[in-house]
Structure formats: structure tokens, C-alpha cells
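Participant: Everything below, folded, please.
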Amino acid sequence: MAYLNSTVSFEKMLMKFISEEDPMQSMLKWLCERLMEAEVESKLCAEKSERNKERQGYRSGYRVRRFDTRMGTMYLMVPKIRNGGYIPFFVEAKKRSEAALMNVIQEAYVTGVSTRKIDKLTKTLGIESISHSQVSAITRDLNEQVEAFRSRKLEATYPVLWVDALYERIRDNQRVENMAVLVVTGINLEGKRDILAVEPMYEESAATYTKVLDQLKERGLEKVWLVVSDAHKGLVKAAREAFLGCSWQRCKVHFMRNILAHVSGKNKKSFAEKLKQIWLQPDYESAQKYANTFMNDHEVQYPQAISLLEEGLEESLQFFSFQEIDARKISSTNLLERLNREIRRRTRVVGIFPSMDSYVRLVTSYLIEYSEDWSSGRSYINPKIITELQLQLAKTA
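Facilitator: Predicted coordinates:
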């Protein structure tokens, strides 16, 4: 009897699909949604609204995600999971950035600023002719996703922020200029990384940095413990004013490069080996002691380098105030440097971007994928350490 009932139900479902405008696509969409529900139930160890001791998390509604297939484009209702994120196993996570790259190429064609390099690339991608309507359709879809990501609500506390800028050649009013996009990455109280801001910068000034940080606060950010960046005065001033009580860590890698610029080539390697030992010491006191000895030993030979080291030493040692956290993760902007290298692998094929909007669109689309991967991956910093530090800071406040 059960077999007969299941057969009848299946036949009813088939008849329902047959009545649809595109039966095969409707059937595929139904199957994808059932697969997602099964995958989420398996991940959470519980069915929807079910209460049991084995449950590993909770749902948080749905989000619409475009899914392009050989049967056509479908819009799936993808389940959202609190504190962990979810990407269906059958969705190509990298499709968004590919669409953004295609959009840049198409826009370059339409605006008449394509290069020989772009022409070769488009031929390998099978693009022969591009219309304004095609560009508009792809741009509209990407703009919605990019804008939603850049303006989304943030958590109240991000213990650490890393701030750095990407520079590219971008066409502006028929002139090609080096322009920047500021990228802000942070970790939340669960120790997971996230991309908080992708903002164009037409000039590097305290006013520009203040505007970006104020936008983060408008989106919900209230508390930051440590900001890691290079020593741009405008950025440092803006960070200290935006987040009262937070510390600023001068990136030790950028700092070393600045110091080594005043050391002769033949001695640069040996000088650098001794210099980096300052930041490899076990604690703040040891680092100060070693640095003082090092400065006394080299002050006569390299006065400019030592003067620079003495001036910025204290700000480059702020990571010692958070000794529970791996120093390699918060003493420099290496996290962003690695991210920037990956982005440049994508942007390099474009050459000159036709506009700032196209550049922001491509970079943000690529960073959205990183953000999704990070949200569903392992914590960058152990959340237990974050909790312990939070309690310590609360006591001293």
C-alpha cells in the first residue's frame, strides 16, 4: 500500500511539472531545493523547527540566489544558517566573480576603451559582439549583489580590523590614473574573518578615511580593540578618533621596508635579519630591550634608519598587548596582502579599467566569495581566546 501511495504521489508531481511552462527546469528547481533542505538538515542534525539535543545550529530564513544551468536560469531559495553560513554543494561558488570579469570586458568594448590584450581575452571566452542591453542586464544583477554586500548590517564588535588599499590604473574622464580602493577586513567575536568594506578612494586623506570608518559605524560597528595598517597619518588619525580606546598596530612588514630603505645594499640582508628579531621576542619587555641594544649598535652607521625605528617602535609593538593571539596574525597586514595578490591575479588580465564602478564591482564580487568561504570555514582566531580577552578588557574598562 505504501508503495502504491508513493507511486500515486510521484505521478501527481510529474503531472504538476508537465503543466509548467518549462517542465524540465521546474523539475530541476524542485530537486535542487529538496537537496538543499536535506543538506541543511544533515548539517544541523535536525529537521526544520525540530528540537533535539544533537542540533548543531539554527536556520535564519532564506536568501535568493541565481543559479545558471544548461536548462536556463533559476532563482533558488537558499536556506541561511546562523553563525556558519551555507553554500549548496552544487552551486559554483566562483560564478559571481567570473560574471564580474565578463562584465568588465563587455563594458570596455561598449565604451570603446578595449585594449589588444582584452581583445585576445574576449576571443578565448567566445565573445564576438556586445550590446548595451547585454551589458545593462549583467551590470544590474551584479550591482544589486555588490550594493547589498557593501551596505549590509555589521556586528557591534570586531576585535581586530586590518586596513589596506588596492591600487589600479582606472580611466577617469578620458584620463588613466592610479586610483585606490580601500579594503577593511575584520574578525568577529567567533574569531572568523569577514570583509567589512570595499570603498573607492579618490584621495588618501584623513577626511576620506574618516568617511569610510563612519560608514562602518552607521552599519552597526561600535567597538574595535586593535586596528592594523601601514603608517598613513590620515588613516591613523581617523582610526583613533572613530574608535576611542582602540590600539593601533603599525604593520611591522611595512615598517621594516621603510627602515631598510635607509640601509646600503651590501649590508641590507644582515641588517634585516637582526632587525626582524625585535618582533620575534617573547614579550614586550624583551622586544624593547633588544631594540635598544640594536639601535645603540647601529646608530652611528645608519642614523636615518635608527631614527625612523626609534620614532615608530612603540606603535609597532602593540600586538604584545594581545599576547594570547598568535602574533603573526595581528602584527602585520599580511592577511590583506595575500588577499590583494589573489585579487590582482584577476584584475591583471583587464589592464586598464574603464571606470571606477567596474573596478569596485569586480573586486567586491571576488571578495564576496571569500567572505562566504570564511563564514563557513574554520575560525581564524580561536573564539575561546577572543572570549577571554573580552572579559579581561571588561575588567579594566
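Participant: helix or strand for Ile259, which one?
Facilitator: Using DSSP states H and E, the element containing Ile259 is helix 252-260.
Participant: tell me the domain ranges of this protein?
Facilitator: 14-81, 95-148, 157-355+368-396 (automatic domain parsing).
Participant: Indicate which one of those is closest to Ile87.
Facilitator: domain 157-355+368-396 (5.9 Å; C-beta to C-beta). C-beta coordinates here come from the backbone N, C-alpha and C atoms, glycine included.
Participant: Span of that closest one from start to end?
Facilitator: Using C-alpha to C-alpha, to the nearest Å, the end-to-end distance of domain 157-355+368-396 comes to 17 Å.
Participant: again with stretch 211-228
Facilitator: Per C-alpha to C-alpha, stretch 211-228 runs 18 Å from first to last residue.
Participant: follow-up on the earlier one: now for the next helix or strand after the helix holding Ile259, which elements pack on it?
Facilitator: Once helix 252-260 ends, the next helix or strand along the chain (criterion: DSSP H and E) is helix 265-275. The contact analysis (3 or more C-beta pairs under 8 Å, 6 or more residues apart in numbering; DSSP states H and E) places helix 265-275 against helix 252-260, helix 284-298.
Participant: returning to what we had before: let's have the domains of the chain in TSV, adding mean neighbour count.
Facilitator: Listed next are these as TSV, based on neighbours: other C-beta atoms under 10 Å:
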stretch	mean neighbour count
domain 14-81	13
domain 95-148	15
domain 157-355+368-396	17
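Participant: For Pro383, give me its contacts.
Facilitator: Contact analysis of Pro383 by C-beta atoms under 8 Å, 6 or more residues apart in numbering lists 189-191.
Participant: State the helix or strand in which Glu37 lies.
Facilitator: Here Glu37 sits within helix 23-44, counting by DSSP H and E.
Participant: For that helix, list the C-alpha coordinates in CSV.
Facilitator: Provided in CSV are the C-alpha atoms of helix 23-44 (Å, rounded to 0.1, in the frame of the first residue of the first chain):
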residue,chain,number,x,y,z
PRO,A,23,8.7,21.1,-17.2
MET,A,24,12.4,20.0,-17.1
GLN,A,25,13.6,23.3,-15.5
SER,A,26,10.8,23.2,-12.9
MET,A,27,11.7,19.6,-12.1
LEU,A,28,15.4,20.5,-11.7
LYS,A,29,14.5,23.5,-9.4
TRP,A,30,12.3,21.3,-7.3
LEU,A,31,15.1,18.7,-7.0
CYS,A,32,17.7,21.4,-6.1
GLU,A,33,15.5,22.8,-3.3
ARG,A,34,15.0,19.3,-1.9
LEU,A,35,18.7,18.7,-2.0
MET,A,36,19.4,21.9,-0.1
GLU,A,37,16.8,21.1,2.6
ALA,A,38,18.4,17.7,3.0
GLU,A,39,21.9,19.1,3.2
VAL,A,40,20.9,21.7,5.8
GLU,A,41,19.1,19.2,7.9
SER,A,42,22.2,16.9,7.8
LYS,A,43,24.5,19.9,8.7
LEU,A,44,22.3,21.0,11.6
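Participant: C-terminal to it, what's the next element?
Facilitator: Trace forward from helix 23-44 with DSSP H and E and the next one is strand 59-69.
Participant: Run me through the strand neighbours of that following strand, direction for each.
Facilitator: For strand 59-69, sheet partners with direction are given as strand 72-81 (antiparallel), following DSSP bridges.
Participant: thinking again about what came up before, can you put the domains of the chain in TSV and add mean pLDDT and distance to Phe89?
Facilitator: Formatted as TSV, those follow (pLDDT from 0 to 100; distance: least, C-beta to C-beta, whole Å):
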stretch	mean pLDDT	distance to Phe89
domain 14-81	81	6
domain 95-148	59	14
domain 157-355+368-396	91	11
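Participant: Arg361: which of those domains is closest?
Facilitator: Nearest of the domains of the chain to Arg361, taken as C-beta to C-beta: domain 95-148 at 5.6 Å.
Participant: one step back: now do the helix holding Glu37: which elements does it pack against?
Facilitator: Packing partners of helix 23-44 (3+ C-beta pairs under 8 Å, 6+ apart): helix 2-18, strand 59-69, strand 72-81.
Participant: gap between it and the chain center?
Facilitator: The chain centre lies 29 Å from the centre of helix 23-44; the measure is C-alpha atoms, centre = their mean, to the nearest Å.
Participant: Which residues does it contact?
Facilitator: Against helix 23-44 from outside (C-beta under 8 Å, 6+ apart): 13, 17, 20, 47-48, 55-59, 67, 69, 71-72, 74, 76-79, 81, 86, 88-90.
Participant: Next: stretch 305-324.
Facilitator: 225-226, 231, 247-252, 255, 258-260, 262-263, 271, 275, 278-279, 283-284, 287-288, 291, 294-295, 298-299, 325, 327, 330-331, 385, 388-389.
Participant: His232 touches Glu204, doesn't it?
Facilitator: Yes: with contact defined as C-beta atoms under 8 Å, His232 and Glu204 form a contacting pair (6.2 Å).
Participant: Now the contacts of Pro383 in a markdown table, please, with extra columns for distance to Ala305 and secondary structure.
Facilitator: A markdown table is the format used below for the contacts of Pro383 (distance: C-beta to C-beta, whole Å; DSSP: H, G, I helix; E, B strand; the rest coil):
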| residue | distance to Ala305 | secondary structure |
| --- | --- | --- |
| Leu189 | 40 | coil |
| Glu190 | 41 | coil |
| Gly191 | 37 | coil |
